[in-house]
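1. starting from these lines, generate the structure:
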Amino acid sequence: MWRDAPVRVEVLIVGARDAAVHYRRACAPLSRDTHPDAVAADLAGSPLTILHSTSWRFEAGAVVLTYAAVLDGVADPDSVPLVSRTVTSSGDPAAPSPAVVPVDAVAVHALRHLAWLRERDEVAATALVSVPALWAALDDFTPAPAGEHFAG
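-> As a prediction, this is how the structure comes out:
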C-alpha cells in the first residue's frame, strides 16, 4: 500500500542557455530521519539561489517529492533542454493522478510555478532577479500555482 511506499526526493536543477530552459534531474531516497528539504539542497549543490517544493507523485512504487532548484541560472553542461511544454493531467477530477508523468511535464509544472512565484512572492522574486538569463526564460511560461493543470 502507498502508506508504506518509500519516498524519493527529486530535484530539477533549472537554468537557461541560448534563451532556452534546460534542466538536470537528481534523485535520492529519503531516510526517515532526514528532512526532504535537506536532501533536495544536497542534491542541488551550490551556490543555491532558490529551492522550492513544486509537486509530488506516485511512481514505480514510491512517492516522489519534486523540487525546483536554481543555482546561478545558467544551464549546466549535463542538463537537457526542455522539449515539451505539455502539462500532464488525468482529465478526471475524481482521479487526479495521470497514469504516466513525463519528466518534461514535471519540469513545465515547476517552471510555471517559479514564474508564478516571481510575480507573487517578494522573496522568490528577489532571488530570481539575480539570475537574469533564467528570469528572462521564465517569460515563456504561464504563471500558475501548484496544482493548476491548464495548458499554457
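2. for this protein, give me the ranges with low pLDDT.
-> 1-2, 147-152 (pLDDT under 70).
3. for the protein, longest strand please?
-> Ranked by residue count under DSSP state E, the longest strand found in the chain is strand 62-74.
4. check which element follows that strand along the chain.
-> Once the chain leaves strand 62-74, the next helix or strand it forms, by DSSP states H and E, is strand 80-81.
5. so Asp139: helix, strand or coil?
-> helix (DSSP: H, G, I helix; E, B strand; the rest coil).
6. circling back to that earlier point, elements contacting the longest strand of the chain?
-> Secondary-structure packing of strand 62-74 (3 or more Cβ pairs under 8 Å, 6 or more residues apart in numbering; DSSP states H and E): strand 7-17, helix 36-44, strand 50-59, helix 103-120, helix 132-137. Any C-beta I mention is one placed from the backbone N, CA and C, and that applies to glycine too.
7. adding distance to Ala144, write these out as CSV.
-> Formatted as CSV, these follow (distance: least, Cβ to Cβ, whole Å):
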stretch, distance to Ala144
strand 7-17, 16
helix 36-44, 21
strand 50-59, 11
helix 103-120, 4
helix 132-137, 16
